[in-house]
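1. Here is a sequence with its predicted model. Questions after.
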Amino acid sequence: MNRQPKMHIEIGHSLTNNVRQVDSNCVRFVAEDGRTMFEVTVRKDGHSIEVRGVETCKVDGILYSEALEIRPRVSNCIEIIARRYDEYWS
């Protein structure tokens with residue numbers, strides 16, 4: 001039995017009238033070196049997401065680990081940062 005997901009992923013914005021639904025419960029953010037830095041998945045509970053660091057990636061000549069750092073900004077906003085490989089493993 002396939003159930004309609006409780007939450008879905010969209011791209012675009014209603015203000016620019018270009019909203020499109022992504023036909024997946026997961027999106028990947030790919031670095032300039034072609035490797036996946038982040039992966040975000042809609043959880044089945046309908047009210048949460050999972051964010052994963054996937055691969056070590058090189059951006060502007062700097063190698064970043066798959067280890068993540070979470071920085072709270074305000075009550076409804078966090079920043080998720082890939083840690084520099086040399087800082088994480090030193």
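-> On my side now, so go ahead.
2. Could you measure from Ile80 over to Glu55?
-> Distance from Ile80 to Glu55, counting by C-beta to C-beta, to the nearest Å: 15 Å. Where you see a C-beta, it was placed from the backbone N, CA and C, and this is true even at glycine.
3. More neighbours: which of those two?
-> Glu55 (17 against 12; other C-beta atoms under 10 Å).
4. Can you classify that one by secondary structure?
-> For Glu55, the assignment made with DSSP: H, G, I helix; E, B strand; the rest coil gives coil.
5. separation between it and Ala82?
-> 10 Å.
6. between the two, what contacts are shared?
-> Jointly contacting Glu55 and Ala82 under the rule C-beta atoms under 8 Å, 6 or more residues apart in numbering are 37, 66.
7. Quickly note the distance from Asp23 to Met7.
-> Note on Asp23: its distance to Met7, by C-beta to C-beta, is 14 Å.
8. In this structure, which strand is the longest?
-> strand 62-74 (DSSP state E).
9. other SSEs contacting whatever helix or strand comes next after it?
-> For strand 62-74, the following helix or strand on the C-terminal side (DSSP states H and E) is strand 77-84. Secondary-structure packing of strand 77-84 (3 or more C-beta pairs under 8 Å, 6 or more residues apart in numbering; DSSP states H and E): strand 36-42, strand 62-74.
10. Go again with 6 Å.
-> Judged by 3 or more C-beta pairs under 6 Å, 6 or more residues apart in numbering; DSSP states H and E, the packing partners of strand 77-84 are strand 62-74.
11. buried set for the helix or strand bottoming out on mean pLDDT in the chain?
-> Among the helices and strands of the chain, helix 85-88 carries the lowest confidence by mean pLDDT, DSSP states H and E, at a mean of 81. The neighbour-count check on helix 85-88 (16 or more other C-beta atoms under 10 Å) flags Tyr85 as buried.
12. Might one say that Arg35 is in contact with Glu55?
-> Yes. Arg35 lies in contact with Glu55 (C-beta atoms under 6 Å); the separation is 4.3 Å.
13. quick one: which of Asp23 and Met7 has more around it?
-> More crowded of Asp23 and Met7, by other C-beta under 10 Å: Met7, with 13 against 7.
14. Count residues in the vicinity of the closest residue to Phe29 other than its chain neighbours, would you?
-> Once flanking residues are discounted, Phe29 sits nearest to Phe38: 4.2 Å by C-beta to C-beta, 6 or more residues apart in numbering. As a burial measure, Phe38 scores 19 neighbours (other C-beta under 10 Å).
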